[in-house]
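J.: dropping the sequence and predicted coords here.
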Amino acid sequence: MELADIIVKFVLVFIIFAISLVIAMYSTYAERKVAAFFQDRIGPNRAGPWGILQPLADGGKMFLKEEIIPTNASGFLFIVGPSLAIMTACIGSAVIPWGQKLTIGSHVIDLQVADINVGILYVFGVVSLGVYGVMIGGWASNNKYSLLGAIRAASQNISYEISMGLSIIALLMVTGTLSLREIAEQQHSWHWNVLYQPIGFILFLVCAFAETNRTPFDLPECETELVGGYHTEYSSMKLGFYLFAEYINMFISSAVMVTLYWGGYNYPGMDWMAAHTGPALAPLIGVGVMFLKIFLFIFFFMWVRWTIPRFRYDQLMDLGWKVLIPIAIANIVVTGIVITLINR
Amino acid sequence: MNIFYFIAFLSVFFAILVITAKNPVHSILYLILTFFTFTIHYILLNAQFLAIVNFIVYLGAILVLFLYTLMLMNLNKESEPVKANFIKIAAVIGGGCFLVTIVASIKALGASPAVILKDPSLGLVKNLGKVLFNEYLLPFEVSSVLLLSAMVGAVLLATKDPKTV
């Protein structure tokens, strides 16, 4: 690898991190505005015009709050918990293809940090690692409510990972590759995978809600039963990290869903656009389209949160084990039969 | 090669911490780190698929379950049973004998020549799939059906009404 390539990769990593953090910041603002809209309120409007400086004010508040480590907490792990949560949230973005290859002059820039040939499995691995932040933090707090939240998070993640994996298997049978770049390229213009795998997409969506601990699956921090759940004992920026990790997870899982099922950076009429705008501008329009889709998904996450009430814990387990897994297996069987019939 | 020695040192180091840690939860956390270094070993061997599967299955599922169970059991110093002295002495003698046997057998074996793979890209998912589905199709399919039937059986047991069993 040449030095120029390495610098380009570093710049790309930096940009993606910055974008993830800014989107996570403004997701908190968007969430409050969306909630206000659904509840016929105004929402934050004091800091700056329309309240757009609200996330900065919140961040400042988080940093300046007193840092409390409970006496009986296990000190080191208490800090490791939120650090791990935000780290696992951030590393998922490494394999997502953000756009087609960008050509500027003679330089070809790949808008993806790492094109590894097991991309989907990497995302899956990072998602399953995400639960450690919650578990370690909840256990280290040495608080019954935190521990219950951590245990709920663990069992919920394991249960929903199974149906998530099974829905990915059906998708892999259609695409025939594990590389996210190739999956994105196969969905050229309007051949989006959601048209071939609608049930698989719905399964994946439900599991993504469960894995990111969003309502209706936010049992680990269910405040009506567990005070604050796994982050009951946390204050200051360590609490901020947990909340931030949730929003970054939301952004990354939206990006993964867009790439796997909704065509990634592809859109109908992209060939016409490429012919008329040139090789430097067309990929950037693709990136814009991808982010538009991601924002729609983030809005969907919020829409669901402010519409549907939380599940009861036994309902959550029933849904995971008795509904989603049988549907996912049936989906694999049907996909296999259809592929065999078409290829004959 | 230097990376290998560094990672191998870390593996052994964390493995020792697993058994010396006083707190069972800390012990599991060290076990997680040990398995993470195994993942790096697989990547060094150019076995990307094995690395990521090790990552998902061990780090993402099995050790989460371990941690989950240990957190529920609430083991701590106060509730730990105190072992009798003669058991400790017996354990030390037994462990010492095992160590002597291991060292002696390794000494008798001598160093094996380094294995050089004919095809270094064997561990990539495409080649691995070809090997599995061409040469080992039957055992592969049988084991996958076995695993699937275990899961289906678990779900079936859960959905059944306890009164009718």
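T.: Received it, and whenever you're ready, just let me know what you need. Numbering: from 1, shown residues only, chains lettered A, B, ... in the order given.
J.: how near is the residue of chain B found nearest chain A to B:Val92?
T.: Residue of chain B nearest chain A, by CB to the nearest CB: B:Gly60 (2.8 Å). To be clear about C-beta, it is placed using only N, CA and C from the backbone, and glycine gets the same treatment. Per CB to CB, to the nearest Å, B:Gly60 is found 37 Å from B:Val92.
J.: of these two, who's got more company?
T.: B:Gly60 (23 against 10; other CB atoms under 10 Å in any protein chain shown).
J.: mind checking what secondary structure A:Pro97 has?
T.: Here A:Pro97 is recorded as coil under DSSP: H, G, I helix; E, B strand; the rest coil.
J.: show me what from chain B comes close to chain A.
T.: B:25, B:29, B:32, B:48-49, B:52-53, B:55-56, B:59-61, B:64-65, B:67-68, B:71-72, B:124-126, B:148, B:151-152, B:154-155, B:158-159 (CB under 8 Å from any CB of the partner chain).
J.: among those residues, which lie within helices?
T.: Using DSSP state H, the subset of these located in helices is B:25, B:29, B:32, B:48-49, B:52-53, B:64-65, B:67-68, B:71-72, B:125-126, B:148, B:151-152, B:154-155, B:158-159.
J.: ok, the closest residue to chain B within the stretch 101-250 of chain A - contacts?
T.: At 2.8 Å from chain B, A:Ser128 is the closest residue in the stretch 101-250 of chain A, using CB to the nearest CB. Residues near A:Ser128 by CB atoms under 8 Å, 6 or more residues apart in numbering or on different chains: A:Asn157, A:Glu161, B:Ile56, B:Leu59, B:Gly60, B:Ala61, B:Val64.
J.: next: B:Ala21.
T.: Counting by CB under 8 Å, 6+ apart, B:Ala21 has contacts B:Ser27, B:Tyr30.
J.: so where's chain A uncertain?
T.: Along chain A, the parts satisfying pLDDT under 70 run over A:1, A:105.
J.: for chain B, what are the nearby residues on it?
T.: A:77, A:116-118, A:121-122, A:124-125, A:127-129, A:131-132, A:135-136, A:139, A:147, A:150-151, A:154-155, A:157-158, A:161-162, A:178, A:321-322, A:325-326, A:329.
J.: of the residues you listed, just the buried ones, ChimeraX syntax please.
T.: Of these, the buried ones can be selected in ChimeraX as follows, counting by 16 or more other CB atoms under 10 Å in any protein chain shown:
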select /A:77,116,117,118,121,122,124,125,127,128,129,131,132,135,136,139,147,150,151,154,155,157,158,161,162,178,321,325,326,329
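J.: separation between the closest residue to A:Tyr242 other than its chain neighbours and A:Ile199?
T.: Distances taken as CB to CB, 6 or more residues apart in numbering or on different chains place A:His231 nearest to A:Tyr242, at 4.9 Å, with adjacent residues excluded. For A:His231, the distance to A:Ile199 equals 35 Å [CB to CB].
J.: that older thread, which stretch of helix or strand covers the residue of the stretch 101-250 of chain A closest to chain B?
T.: helix A:119-129 (DSSP states H and E).
J.: and that helix with helix B:63-73, angle?
T.: 10 degrees (axes from the mean of the first three to the mean of the last three CA atoms, to 10 degrees).
J.: following element in sequence after helix A:119-129, please.
T.: helix A:131-140.
J.: could you export that following helix as PDB, CA atoms only?
T.: Provided in PDB are the C-alpha atoms of helix A:131-140 (Å, rounded to 0.1, in the frame of the first residue of the first chain):
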ATOM      1  CA  VAL A 131     -23.700  -6.500  24.700                       C
ATOM      2  CA  TYR A 132     -20.500  -6.700  26.800                       C
ATOM      3  CA  GLY A 133     -20.400  -2.900  27.400                       C
ATOM      4  CA  VAL A 134     -23.900  -3.100  28.900                       C
ATOM      5  CA  MET A 135     -23.200  -6.300  30.800                       C
ATOM      6  CA  ILE A 136     -19.900  -5.300  32.300                       C
ATOM      7  CA  GLY A 137     -21.200  -1.800  33.200                       C
ATOM      8  CA  GLY A 138     -24.300  -3.300  34.800                       C
ATOM      9  CA  TRP A 139     -22.400  -5.800  36.800                       C
ATOM     10  CA  ALA A 140     -19.600  -3.500  37.900                       C
END
